[in-house]
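Enquirer: Turn this into a model:
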Amino acid sequence: MMSIDRLGRLIRDTRGSVLMIVAVGMVFILGMTGLAVDSGRGYLTRLRLVRAVDAAALTGARTLRSGETAAREQATATAYANGVGSTINGAALSMTVSTDEQGESLFQVDASQTIPTILMRLLGIDHLDVRARSVAAVPPVDLILVVDQSGSLGTVGAWDDLQAAATEFIQNFDDDIDQLGLVSFQTRAANRFQIAHGFRVSLANEISSMSSAGWTNYGEGLRLAHGQITSSDVRERSAKVVVFFTDGRPTAFRGTIGGEDRIMATSQELPPEHLGGYFDNPDSLPLDGMPSASGCRNLTFCNVWTEQAAPQPVASDALNHDLGRQMANQIRGEDVLLYTIGLGNTTYSDPAFQPNQAFLAELANVDGSTNSSQPAGKSYYAPSATELRAVFQQVAADLMVRLAR
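Expert: Okay, the predicted model is just below:
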């Protein structure tokens, strides 16, 4: 039989083992509790980092057209506004600009923060490293600027203002991120610059070299814009835009007349049987001046119809508008956003100098009123030349807001 002394020693040994088991168990329980508590703290910290880097990446992407330095500064300010930064909570921020396989610019923001643990120290873990990353793509723009250079702009003293406003407008876009092209139109139209990167200097030079002369051929300007915006140079994932500027109503069109490809310049507002021009070789007409008499069916002055096939003034005025309407519809049908800008006094004594605001709104498909299945653009109006810069900048600002959505 077990002696009393031996039984007492066994009980004392068992008590010591229980205490040790309890002590070890308490460490384990506290460690697991610490794991839950400190992991929760880490999770909340990461949520804050994720929110901050998401906002910062979007800000950087939106600002990148203003330069990488400006983008980094704005992104950092956004992160701080969301409670993340070295002077706020010791979080480290880093930013990277790169290009993906589609040629899109990417703005990446990384944030990391080390947080000390509380109870997990019992398990030998004295800190947690928390990280978050966000990448935002900079939506590239493929844009065709279509500029009216008809003689009326010079007549009312607005040509210099237009050149300045258009030159300033293109500075809103980045040579590396975006692609721009330039079309001008008067009696005829021309591709002044085929859509491409590295456009700023070339477009500015083209615009400054142009002069104001001739009639107003909406259809030809929009036709060439359509050709550029649907060319192989345009990127699949870009935002596709046409910006169309004019200071008056369409007064010329190109079509087959008398079996030949011709341009006719006329308007319903002109006296009956009056032509402004009747030109056999449209592509040979001067870009920055008026055609000579030899280009007008060899007449000294174009003021009478010379063929039965020539349309009457009312019919030709309808064609002036219809060809512009058709080309605008084709542009929008390619999922292209169309902006229109009109300049001029709606009460001007010469009706041909009055911008047709309703027609320009129709071309842009404002609020989807022309065709609800096509992109809804916007139409702007500048009552005077001094307001042109502000209107062009308003177009750029609206476009950037759309891209940021």
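Enquirer: which residues sit in contact with Gln330?
Expert: His226 (CB atoms under 8 Å, 6 or more residues apart in numbering). Yep, even glycine has a C-beta here, placed from its N, CA and C like the rest.
Enquirer: That one should be in a strand, yeah?
Expert: No - assigned with DSSP: H, G, I helix; E, B strand; the rest coil, Gln330 falls outside any strand and is helix.
Enquirer: can you give me the helices in the stretch 51-200 of the chain?
Expert: 68-81, 86-89, 151-155, 159-170, 200-209 (DSSP state H, counting those that start in this stretch).
Enquirer: Confidence-wise, which of those helices is weakest overall?
Expert: Here the helices of the stretch 51-200 of the chain differ in mean pLDDT, and the lowest is helix 86-89 at a mean of 81.
Enquirer: Please work out how many residues are found near the closest residue to Thr167 other than its chain neighbours.
Expert: Using CB to CB, 6 or more residues apart in numbering and skipping the chain neighbours, the partner closest in space to Thr167 is Ala204 (5.0 Å). Other residues near Ala204 number 17, with proximity taken as other CB atoms under 10 Å.
Enquirer: who's Ala136 bridged to?
Expert: Phe107 (DSSP bridges).
Enquirer: make that Ile257, sorry
Expert: If you apply DSSP bridges, the partners that Ile257 bridges to are Glu260.
Enquirer: My guess is it contacts Met264. True?
Expert: Yes - with contact defined as CB atoms under 8 Å, Ile257 and Met264 form a contacting pair (6.3 Å).
Enquirer: Backbone dihedrals for Ser284, please?
Expert: Dihedral angles of Ser284 (phi, psi; degrees, to the nearest 10) stand at phi -100, psi 0.
Enquirer: Could I get the full set of strands for the stretch 301-405 of the chain?
Expert: For the stretch 301-405 of the chain, the strands defined by DSSP state E, counting those that start in this stretch occupy 337-343, 379-382.
Enquirer: returning to what we had before: let's have the helices of the stretch 51-200 of the chain in TSV, adding distance to Ile115.
Expert: Formatted as TSV, the helices of the stretch 51-200 of the chain follow (distance: least, CB to CB, whole Å):
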stretch	distance to Ile115
helix 68-81	17
helix 86-89	9
helix 151-155	64
helix 159-170	48
helix 200-209	47
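Enquirer: Quick one: closest of the ones you listed to Met400.
Expert: helix 159-170 (12.2 Å; CB to CB).
Enquirer: who does the closest one touch, helix- and strand-wise?
Expert: In terms of contacts (3 or more CB pairs under 8 Å, 6 or more residues apart in numbering; DSSP states H and E), helix 159-170 is packed against strand 141-148, helix 200-209, strand 239-246, helix 388-404.
Enquirer: And the pLDDT at the closest residue to Ser86 other than its chain neighbours?
Expert: Closest residue in space to Ser86, ignoring its immediate chain neighbours: Ala92 at 6.4 Å, by CB to CB, 6+ apart. pLDDT, Ala92: 92.
Enquirer: Show residues contacting stretch 228-237.
Expert: Contacts for stretch 228-237 (CB under 8 Å, 6+ apart): 102-104, 140, 142, 144, 179, 181, 183, 191, 194-196, 240, 242, 331, 334, 336.
Enquirer: Just the CA atoms of stretch 102-117, as PDB, please.
Expert: Taking Å, rounded to 0.1, in the frame of the first residue of the first chain, the C-alpha atoms of stretch 102-117 are listed here in PDB:
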ATOM      1  CA  GLN A 102      -1.500  48.500 -74.700                       C
ATOM      2  CA  GLY A 103       0.600  51.700 -74.500                       C
ATOM      3  CA  GLU A 104      -1.500  53.100 -71.600                       C
ATOM      4  CA  SER A 105       0.300  55.100 -69.000                       C
ATOM      5  CA  LEU A 106      -0.100  53.700 -65.500                       C
ATOM      6  CA  PHE A 107       0.300  55.500 -62.200                       C
ATOM      7  CA  GLN A 108       1.100  53.200 -59.200                       C
ATOM      8  CA  VAL A 109       1.000  54.100 -55.500                       C
ATOM      9  CA  ASP A 110       2.500  51.800 -52.800                       C
ATOM     10  CA  ALA A 111       2.000  52.400 -49.100                       C
ATOM     11  CA  SER A 112       3.600  50.500 -46.200                       C
ATOM     12  CA  GLN A 113       3.300  50.900 -42.400                       C
ATOM     13  CA  THR A 114       4.900  49.100 -39.500                       C
ATOM     14  CA  ILE A 115       2.600  48.700 -36.400                       C
ATOM     15  CA  PRO A 116       3.800  47.400 -33.000                       C
ATOM     16  CA  THR A 117       1.900  44.500 -31.600                       C
END
